[in-house]
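Undergrad: let me see the structure of the following:
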Amino acid sequence: MRMVIRISFFVALLFLACVLLPANAVPQEVKFNFNPPEELTFEQILTITKITEKGEAGKRTEITTAHVKVEMEKTPAGYRVMSTPLSLEMSIDGKEANSPILSLLQDIEVVYNLDENGNVLSIQGYDKLEKLIRDSFPPDVGRQLATVLNEEAMINKEIAEWNSRIVDFVDLDTEIGDVFLRISDYPLPTGGTVSYHTATKLASMEQCDSNKCVRIEFAYNIDPDALADFIGEAIKNFGKELGVANQMPAMSDVSMAGKGERLIDPATMLIYHERIERTLRFVAKHPDRGEAPITQHETREYTYKY
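TA: Below is the predicted model of the structure:
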C-alpha cells in the first residue's frame, strides 16, 4: 500500500493510492503527459440527459446535444485551444424546445491559453456575456442571470473542469490499479453547497484508434463510506483519520451519488470518450406550497471525432 498526498493549484486534492496486486503481478506503469499534436482540429459532441422527478407534480426529461469544433495549435507559451459552437439541439419530454440561455452561449467562442503543461493562463470569450444578456432579456431578468452567467463565474467553472479532467493528472507517475480520493463542493439548486467525495481508479489499458489509452473509472458520494464497494474498506479508516467521515451535511434530506468513466491517451491527454452519471435528491421549500422532494438524474456523455 502506498499513500500519496498532492495539492493542486486550483483545487485541493487529497489522493489515496492503494495498490492491491498479487505477488506475481507485473505493475503497468502509466505516465501522464500533456503533449497534444502541434495542430489539431476535432469535433466534440456532448449529450446531456436530465430527468427531474417531482413526486405528484410529475416528471420532466430534458435532452441537450451540443456539437463544438475544437482547434488546438502550438504557441510560444504553450497551446491555444479555441471552441466554436456548431449546433445546439434541445428537447423537453420528446418535443423540440428552445432555451434563450443556451442560445446565448451558442454565440460565444471560447479560447483557452495554456502553458506547455496544460495549465490555464487565461480564458477569453465570456467577456461578451454581459452585453448579450443585456440585449436579450428585460433588466430584472438580466440582473438575476448575471449572478450566475458572468465572466468570472464561467471562467472559474471552465478552469475547475479542465483541471479535474486534465491538469490534475499531468506528470503523475502511476500504475494501473491506483486509486485517488478527492473532496469537492457541489452547488445545490436550492442554494449553498454540499461536500462530496470522489474516488478515481486507473482501471485498465485499452486500445483507442492507434494509441494506448487508460480507462479511468470514478465514483462519488456525499458519504465517503458509500465508496467502499468501489475502492475497498480502506476508505473507511482513511476517512476517519482525516475527519471527513463526520462531514455529512446537517440536512438529511440531501443525497448525491454518481459514477463515470473516461478513456484518455496518457501520452497526449486527448480524451476519446467520457460518460458521467449523477443522482441528486433534495427537498425544495416553497413559501406557499411547502416542501417537495425532488430527484434529479443527469447523464453527460462526451464523444470525439478526431
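Undergrad: what strand or helix carries the closest residue in space to residue 75 that isn't next to it in sequence?
TA: Spatially, and ignoring its direct neighbours in sequence, residue 75 is nearest to residue 113 (7.6 Å; C-beta to C-beta, 6 or more residues apart in numbering). Quick note: C-beta positions are derived from backbone N, CA and C, even for glycine. Secondary structure from DSSP states H and E places residue 113 in strand 110-115.
Undergrad: which residues of the stretch 151-300 of the chain fall in strands?
TA: Under the criterion DSSP state E, counting those that start in this stretch, the stretch 151-300 of the chain carries strands at the ranges 173-175, 179-187, 193-208, 211-221, 255-265, 270-286, 290-305.
Undergrad: for residue 143, find the nearest of those.
TA: Proximity to residue 143 (C-beta to C-beta) singles out strand 179-187 among those, at 19.3 Å.
Undergrad: which stretches of the stretch 51-200 of the chain have low pLDDT?
TA: The stretch 51-200 of the chain contains residues with pLDDT under 70 at 189-191.
Undergrad: could you rerun that using 90?
TA: Flagging of the stretch 51-200 of the chain using pLDDT under 90 yields the residue ranges 54-58, 98-107, 129-137, 139-150, 153, 157, 172-173, 180-198.
Undergrad: and the helices in it?
TA: For the stretch 51-200 of the chain, the helices defined by DSSP state H, counting those that start in this stretch cover 100-106, 129-136, 139-146, 151-165.
Undergrad: can I get the ones you listed in TSV including distance to residue 79?
TA: Below are the helices of the stretch 51-200 of the chain laid out as TSV (distance: least, C-beta to C-beta, whole Å):
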stretch	distance to residue 79
helix 100-106	23
helix 129-136	24
helix 139-146	31
helix 151-165	12
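Undergrad: and these: which comes nearest residue 218?
TA: From these, taking C-beta to C-beta, the stretch that ends up closest is helix 151-165, at 9.8 Å.
Undergrad: just want the angle from that closest one to strand 290-305.
TA: Going by axes from the mean of the first three to the mean of the last three C-alpha atoms, to 10 degrees, helix 151-165 is angled at 60 degrees with respect to strand 290-305.
Undergrad: then helix 151-165 to PDB, C-alphas only?
TA: Written as PDB, here are the backbone C-alpha positions of helix 151-165 (Å, rounded to 0.1, in the frame of the first residue of the first chain):
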ATOM      1  CA  GLU A 151     -17.400  36.200 -16.900                       C
ATOM      2  CA  GLU A 152     -15.800  35.400 -13.600                       C
ATOM      3  CA  ALA A 153     -18.200  32.500 -12.800                       C
ATOM      4  CA  MET A 154     -17.900  31.000 -16.200                       C
ATOM      5  CA  ILE A 155     -14.100  31.200 -16.300                       C
ATOM      6  CA  ASN A 156     -13.900  29.600 -12.800                       C
ATOM      7  CA  LYS A 157     -16.200  26.800 -13.900                       C
ATOM      8  CA  GLU A 158     -14.200  26.100 -17.100                       C
ATOM      9  CA  ILE A 159     -10.900  26.100 -15.100                       C
ATOM     10  CA  ALA A 160     -12.200  23.700 -12.400                       C
ATOM     11  CA  GLU A 161     -13.500  21.300 -15.100                       C
ATOM     12  CA  TRP A 162     -10.300  21.500 -17.200                       C
ATOM     13  CA  ASN A 163      -8.100  20.800 -14.100                       C
ATOM     14  CA  SER A 164     -10.200  17.900 -12.900                       C
ATOM     15  CA  ARG A 165     -10.100  16.200 -16.300                       C
END
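Undergrad: buried stuff in that helix?
TA: 151, 154-155, 158-159, 162-165 (16 or more other C-beta atoms under 10 Å).
Undergrad: what's the angle from that helix to helix 139-146?
TA: Going by the same axes, to 10 degrees, helix 151-165 makes 30 degrees with helix 139-146.
Undergrad: got the angle between helix 151-165 and strand 193-208?
TA: Using the same axes, to 10 degrees: helix 151-165 against strand 193-208 is 50 degrees.
Undergrad: packing partners for helix 151-165?
TA: Here helix 151-165 touches strand 110-115, strand 120-124, helix 129-136, going by 3 or more C-beta pairs under 8 Å, 6 or more residues apart in numbering; DSSP states H and E.
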